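# Prediction below, plus the sequence it came from.
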Amino acid sequence: MNELRNIPNVGKQTERDLTAMGYTTIDSLRGKRAEELYEEECRLRGCVLDRCQLYLYRAVEYYLNTENPDPAKCKWWFWKDEYVQPSPCGAVCIECPRFPSECAGCRKIEGKVFWTKYLNLERCAVYDCCVRAKGWHTCADCDELPCSRFTKDPTLTEEENEAGLKKLLENLMNNFSETP
């Protein structure tokens, strides 16, 4: 068994594919992006592979390129698009320290996030407006972005809230945009 099999989610077939692509050690994979590995394997096999292989490579990328990877986040299914792409407000589930142990992700919990209890809300107002009222995937193309629905997290400082809002908006603008 090659050392590649020590990486979570890497089984016999993925080990063979990685080796065929020239990756024979863990160090040879460090710094590689999941999308690159996925594209390389698609070329190797001569077809477009199921996206689950991309999700697996995202988990591999996380495991190899994170100083102290959270074992709970190493499962390939937590690297599906719904957890990697921005939620309606721009938060990225997989980046959240509460995911997956305390929160299953915004779309799965339908906006009923932990902090709403501090504001006496049933669900996040951004989720309500974006998904439930407008039927959108994100707020990326909303003319009102950011609006008053982007509430401050009462558990954070003013500076942390400002930095958080900036990150949310960057995620929305950089990751994808869709026409409502």
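Looks like it came in fine. As the structure is a computational prediction, the values presented were derived from the model and not from experiment.

# can you list the residues that contact the lengthiest helix in the chain?
Ranked by residue count, the top helix of the chain under DSSP state H comes out as helix 158-175. By CB atoms under 8 Å, 6 or more residues apart in numbering, the list of residues contacting helix 158-175 from outside reads 85-86, 89-92, 138-140, 145-146, 150, 152-153, 156. The C-beta positions use only the backbone N, C-alpha and C, and glycine is treated the same way.

# List the buried residues in it.
161, 164, 165, 168, 169, 171, 172 (16 or more other CB atoms under 10 Å).

# now those residues as a markdown table including distance to residue 71 and pLDDT?
What follows is those, written out as a markdown table (distance: CB to CB, whole Å; pLDDT from 0 to 100):
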| residue | distance to residue 71 | pLDDT |
| --- | --- | --- |
| 161 | 30 | 91 |
| 164 | 26 | 92 |
| 165 | 31 | 94 |
| 168 | 27 | 94 |
| 169 | 31 | 94 |
| 171 | 25 | 93 |
| 172 | 30 | 93 |
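
# farthest pair in those residues?
161 and 172 (16.6 Å; CB to CB).

# Can you read off the pLDDT for residue 22?
Residue 22 carries a pLDDT value of 96.

# How about it, nearest residue that isn't a chain neighbour?
Nearest residue to residue 22 in three dimensions, chain neighbours excluded: residue 28, at 7.3 Å (CB to CB, 6 or more residues apart in numbering).

# Residue 91 now?
Nearest to residue 91 is residue 168, by CB to CB, 6+ apart, at 6.2 Å.

# do residue 10 as well
residue 4 (5.3 Å).

# tell me the SS of the one you found?
Three-state call for residue 4 (DSSP: H, G, I helix; E, B strand; the rest coil): helix.

# Which pLDDT value belongs to it?
pLDDT, read off for residue 4, is 96.

# now swap in residue 117 and tell me
Residue 117 is given a pLDDT of 86.
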